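*Asks:* I'd like to go over a predicted model; first the sequence, then the structure.
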Amino acid sequence: SAVISQKPSRDICQRGTSLTIQCQVDSQVTMMFWYRQQPGQSLTLIATANQGSEATYESGFVIDKFPISRPNLTFSTLTVSNMSPEDSSIYLCSLRGGGSDEQFFGPGTRLTVL
Amino acid sequence: AQSVTQPDIHITVSEGASLELRCNYSYGATPYLFWYVQSPGQGLQLLLKYFSGDTLVQGIKGFEAEFKRSQSSFNLRKPSVHWSDAAEYFCAVGASSSGNTPLVFGKGTRLSVIA
């Protein structure tokens, strides 16, 4: 199994500011995934982050709004830029792997934008 | 393209009653299938998974699921629901042995349990 930690666990931010979410994994992984979960909704994949290359974004998500860094095989950051109240969500870091191919999730960052 | 349909957005059952949550998938090859649970304010926890072999799989917390290829279904069941089972349940499908592609998740089914 994999242990994933995220910081911060929650934050309340003002409109127009940016927040960087950190994700740390206890093992080396090639791909890491970032999800958004809006209130009462399912998981929406934002992007796939491959170490050493630019992240691949899903339809509806752009790098200027959600820049991602992947400096090494155990760490990634997601920045939510120029925030608006619509960005209020839980943001989850994830990876897939291990012998069972299940997907592991971090505890999430609960973001509230005022 | 892969997809997962969970037709029930919200289900309410009485404590002690049986439960079945539906999941239908669309996938071109033999799928890897999963059920996750998300309790209020908690992270996602894996309940069970199916890769191959016996089509009835057992998971944690007394849950089981049955893979039916002919119906493209992977329904989750529990014979007797406990109040602590109230949560959001997600079905997911993915390619086999691929850490490079994420699972595709359904929209989830919210389970409420009443006394």
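*Replies:* Happy to help now that I have it. Numbering: from 1, shown residues only, chains lettered A, B, ... in the order given.

*Asks:* quick one: contacts of the least confident helix or strand in chain A by mean pLDDT?
*Replies:* Counting by mean pLDDT, DSSP states H and E, chain A has its least confident helix or strand at strand A:103-105, which shows a mean of 90. With contact meaning C-beta atoms under 8 Å, 6 or more residues apart in numbering or on different chains, strand A:103-105 is reached by A:1-2, A:4, A:33, A:35, A:92-98, B:34, B:43-44, B:92, B:94, B:102-103. Where you see a C-beta, it was placed from the backbone N, CA and C, and this is true even at glycine.

*Asks:* Kindly report the same for stretch A:80-92.
*Replies:* With C-beta under 8 Å, 6+ apart, stretch A:80-92 has contacts from A:6, A:13-19, A:21, A:34-39, A:43, A:46, A:64-67, A:78, A:105-106, A:108-114, B:43-44.

*Asks:* just the buried members of these?
*Replies:* A:6, A:13, A:19, A:21, A:34-37, A:43, A:46, A:65-67, A:78, A:105-106, A:108-111, A:113, B:43-44 (16 or more other C-beta atoms under 10 Å in any protein chain shown).

*Asks:* Among the contacts of strand A:103-105, name the buried ones.
*Replies:* A:2, A:4, A:33, A:35, A:92-97, B:34, B:43-44, B:92, B:94, B:102-103.

*Asks:* Nearest residue to the most centrally placed residue in chain A in space, please, no chain neighbours.
*Replies:* What sits nearest the mean C-alpha location of chain A, by C-alpha atoms, centre = their mean, is A:Trp34, with 3.5 Å. If the residues on either side of it in the chain are set aside, A:Trp34 comes closest to A:Ile46, at 4.5 Å by C-beta to C-beta, 6 or more residues apart in numbering or on different chains.

*Asks:* and A:Ile68, what does it touch?
*Replies:* Applying C-beta under 8 Å, 6+ apart, the residues near A:Ile68 are A:Trp34, A:Ala47, A:Ala49, A:Ala55, A:Ser76, A:Thr77, A:Leu78, A:Thr79.

*Asks:* Quick one: name whatever helix or strand follows the helix or strand hosting B:Phe74.
*Replies:* Using DSSP states H and E, B:Phe74 sits in strand B:73-78. Where DSSP H and E defines the elements, the next helix or strand beyond strand B:73-78 is strand B:87-94.

*Asks:* Run through the neighbouring helices and strands of that next one.
*Replies:* strand B:3-5, strand B:32-38, strand B:73-78, strand B:104-105, strand B:109-114 (3 or more C-beta pairs under 8 Å, 6 or more residues apart in numbering or on different chains; DSSP states H and E).

*Asks:* Now intersect the contacts of strand A:103-105 with the strands, please.
*Replies:* Cross-referencing the contacts of strand A:103-105 against strands under DSSP state E gives A:Ile4, A:Phe33, A:Tyr35, A:Leu92, A:Cys93, A:Ser94, A:Leu95, A:Arg96, B:Phe34, B:Leu44, B:Ala92, B:Gly94.
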